[in-house]
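Engineer: Test case, fold it:
(one chain, ligands or ions: 1)
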Amino acid sequence: MATKLTYVNGRGRGELIRIILAGVGLEYTEEYLTTKEQWEELKKSGKLLYNQVPLLEIDGLELVQTGAIARYLARKYNMYGSNDQEAAKVDMYYEGSRDFYSVFIAMVFTDENECLKKAKEVMVPKYLPVYEKILETGNTKYLVGDSISIADLGLLECLLAVEEFLGMELMDSYPILKEYYQKLKALDRISTFLKGPHRKMRNTEEYVATVRKVLY
Ligand SMILES: N[C@@H](CCC(=O)N[C@@H](CS)C(=O)NCC(=O)O)C(=O)O
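Structural biologist: The predicted model follows:
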């Protein structure tokens, strides 16, 4: 059965799912919500447990909640560590990345400059040293062991935003993290994704207007 992601045509909460789908190498189609009528129809279909997107239709399931979707893919495609202890670490590092990324998610609905200020002055100094230390003390290829996990992909989303919105030089004080980031971006599946149609552009006024018109 074909895998399908339903979300708006922008990053938001859908982008991490796209990054993970790229990381596991799964082909999928996307349906973009563009009209209020389409959104109302989707809600009526009963596919959305909480009347929220992203929705991932996969293996006969209608999955919502980004964390649930990420973990389903992680379990199925071996991106969740190799035992319970490693899975717990994956969870901690993954959840940390979600807290870190929350400032970039907020940029759609709040003042972009305020968010970028907070990202630079509060979030970067809070999170980058933590991930630098994990990589340094673990001395592993990825955050948890030598296999990529959803923790790496969650962090990748944050680092892509740091580079794009704040500049690579913010990573200069974290050399291990910076090298790890370059390696992640250079992975075949990731570099193909970053150049391809599933990777969404930064928010435009049109995107923000669509989100407001369709979802709210
Ligand atoms: N915790 C949920 C939040 C999902 C969410 O808030 N989605 C927004 C779009 S980004 C939505 O569907 N909003 C419509 C609504 O809540 O009525 C997740 O992570 O998937």
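
Engineer: Quick check: residues of this structure near the ligand?
Structural biologist: Residues of the chain lying close to the ligand (C-beta under 6 Å from any ligand atom) are Gly12, Arg13, Asn51, Gln52, Val53, Pro54, Val64, Gln65, Thr66, Leu215. Any C-beta I mention is one placed from the backbone N, CA and C, and that applies to glycine too.

Engineer: In terms of distance to His198, which of the residues you listed ranks first?
Structural biologist: Pro54 (12.7 Å; C-beta to C-beta).

Engineer: on that earlier part again, report the buried members of the residues of the chain next to the ligand.
Structural biologist: Gly12, Arg13, Val53, Pro54, Val64, Gln65, Thr66 (16 or more other C-beta atoms under 10 Å).

Engineer: and Glu31, backbone torsions?
Structural biologist: Dihedral pair for Glu31: phi -110, psi 130, per degrees, to the nearest 10.

Engineer: so it makes contact with Thr6?
Structural biologist: Yes. At 4.5 Å, Glu31 counts as touching Thr6 under the criterion of C-beta atoms under 8 Å.

Engineer: more crowded one of those two?
Structural biologist: Here Glu31 and Thr6 are compared on neighbour count by other C-beta atoms under 10 Å; more neighbours surround Thr6, at 22 against 15.

Engineer: Show residues contacting the helix or strand where that one lies.
Structural biologist: Counting by DSSP states H and E, the element that carries Thr6 is strand 4-7. Contacts to strand 4-7, defined as C-beta atoms under 8 Å, 6 or more residues apart in numbering, come from residues 13-14, 17-18, 21, 28-33, 42, 53-58.

Engineer: do stretch 79-98 as well
Structural biologist: 20, 23-24, 67, 70-71, 73-74, 127, 130-131, 134, 143-145, 147-151, 153-155, 157-158.

Engineer: Just the mean pLDDT for the longest helix seen in the chain, thanks.
Structural biologist: In the chain, with assignment by DSSP state H, the single longest helix is helix 84-105. Average pLDDT, helix 84-105: 97.

Engineer: How far away from the center of its chain is it?
Structural biologist: The chain centre lies 11 Å from the centre of helix 84-105; the measure is C-alpha atoms, centre = their mean, to the nearest Å.

Engineer: cool, stretch 69-84 as well?
Structural biologist: Worked out by C-alpha atoms, centre = their mean, stretch 69-84 lies 15 Å from the chain centre.
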